[in-house]
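Student: predicted coordinates and the sequence they were generated for:
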Amino acid sequence: MIKIDLINFTPLSSFIGGLLIGLAVIIFFISTGRLVGVSGIANNLLTRSSNRLINALFVLGLILGPLIFMFFSKNPIPFIVTNSIPIIIIGGLLVGIGTKIGSGCTSGHGVSGISRLSIRSIIATMLFICSAIITVLLFSYVGLN
C-alpha cells in the first residue's frame, strides 16, 4: 500500500522554486553563454581548467543553498530520504552512470533541454520521471521507504 503524504504538497513554494530555477538558468546562460546542467558543470570542474571558478561557484551554491535554507527554516530537515550509506553510494553511482549514458542529467535535459524543445531532452526527461515512479513504487512495495 502506498501512502500519500499531503504535508509535502506545497504548490506555491514549488512554483516559486521553479521560477527561481528558471531565473538562475537565464542568468547563467547570459553571463557564461553556456546551458545549465549540473553533471556537465561538475564534470568540467573536475576535468577542465577553463571556467573553473564559475563551475566551482555554481557547485558551491548547490551545497550552500540547502544549508542556508535549513538555517533559516522553521523545519530544518523537511524530509529524510534515507539514512542508508550503501543506498546513497549505489544511488550516486547509478546517477553518474545514467548521466554519462544519457549525455546529461535531469537539470540539463529537464530545464535547459526542454526549454530549447530538444526531442532528446524531452524523451530523456520522460524516462527520468518514469524511472522515478517505478523506483518509488518498488521501494514502497518492498518496504525500503
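Tutor: The structure has been received and is ready for your questions. Numbering: from 1, shown residues only.

Student: which element, helix or strand, includes residue 117?
Tutor: Assessed by DSSP states H and E, residue 117 sits outside every helix and strand.

Student: ok now the helix or strand bottoming out on mean pLDDT in the chain, how far from the chain's centre?
Tutor: The weakest-scoring helix or strand in the chain, judged by mean pLDDT, DSSP states H and E, is helix 106-107 (a mean of 80). Remark: helix 106-107 is offset 5 Å from the chain centroid, using CA atoms, centre = their mean, to the nearest Å.

Student: check which element follows that helix along the chain.
Tutor: helix 114-115.

Student: list the buried residues for the helix or strand that that following helix is followed by?
Tutor: Later in the chain than helix 114-115, the nearest helix or strand by DSSP H and E is helix 119-142. For helix 119-142, a neighbour-count test (16 or more other CB atoms under 10 Å) marks 121, 124, 125, 128 as buried. Where you see a C-beta, it was placed from the backbone N, CA and C, and this is true even at glycine.

Student: nearest to residue 62, out of the residues you listed: which one, please.
Tutor: Comparing these against residue 62 with CB to CB places residue 128 closest, at 18.2 Å.

Student: quick check: the closest one vs residue 63, distance?
Tutor: Applying CB to CB, to the nearest Å, the value for residue 128 to residue 63 is 22 Å.

Student: what's the spacing between the closest residue to residue 40 other than its chain neighbours and residue 45?
Tutor: Distance criterion CB to CB, 6 or more residues apart in numbering; nearest residue to residue 40, sequence neighbours excluded, is residue 108 at 6.0 Å. Counting by CB to CB, the gap from residue 108 to residue 45 is 15 Å.

Student: many thanks, I have nothing further to ask.
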